[in-house]
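Undergrad: I need the structure of the sequence given here:
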Amino acid sequence: MSCHLSELVLNSRDPEMMSRFWREVLGYVELGREEGDIEIGPESGFGGPAPTIVFALVAEEKTEPLRLHLDVNPVDRDQEAELERLLGLGARPATVGQTGEESWYVLADPEGNEFCLLRSRLPKP
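TA: Here you go, the predicted model:
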């Protein structure tokens, strides 16, 4: 028996803004709301092959780099075009010690959570 990664929970000062940003990034939909928290995920909902994301409302701001970060891959365009799309959605470049020779881009979402845009294009799910 093994476990299945079903959801990720990210603390957020503004779950509304964060869910809107990540829905656009991932093509997810809003699945539910409860006590200030917002859950997003694929149209198939909770329990499918892709995890859902819950933005849990918290009062405090993010103060240090995450010990876990998300990696995303383009699905319908090349890496450069996807970078421009993500920046247009509100992502910004982030520095976590990269050398500049990496094949990926390090970005931060609107609340400063680091994530990487990888080069390989994946098929649409």
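Undergrad: switch to C-alpha atoms for all contacts and neighbour counts from now on
TA: Fine.
Undergrad: Give me the secondary structure label for the residue nearest the centre of the chain.
TA: Nearest to the mean C-alpha position of the chain, by Cα atoms, centre = their mean, lies W22 at 5.3 Å. The local conformation at W22, judged by DSSP: H, G, I helix; E, B strand; the rest coil, is helix.
Undergrad: Can you get me a residue count around L70?
TA: Neighbour count for L70, taken as other Cα atoms under 10 Å: 10.
Undergrad: what's the answer for G36, then?
TA: Around G36 sit 12 other residues, with neighbours defined as other Cα under 10 Å.
Undergrad: ok so, going back, which residue packs closest to the residue nearest to the centre of the chain, ignoring adjacent ones?
TA: Across the structure, with Cα to Cα, 6 or more residues apart in numbering as the measure, the residue nearest W22 apart from its sequence neighbours is Y28 (7.4 Å).
Undergrad: hang on, isn't the one you found packed against I40?
TA: Yes: if you go by Cα atoms under 8 Å, Y28 and I40 touch, sitting 6.1 Å apart.
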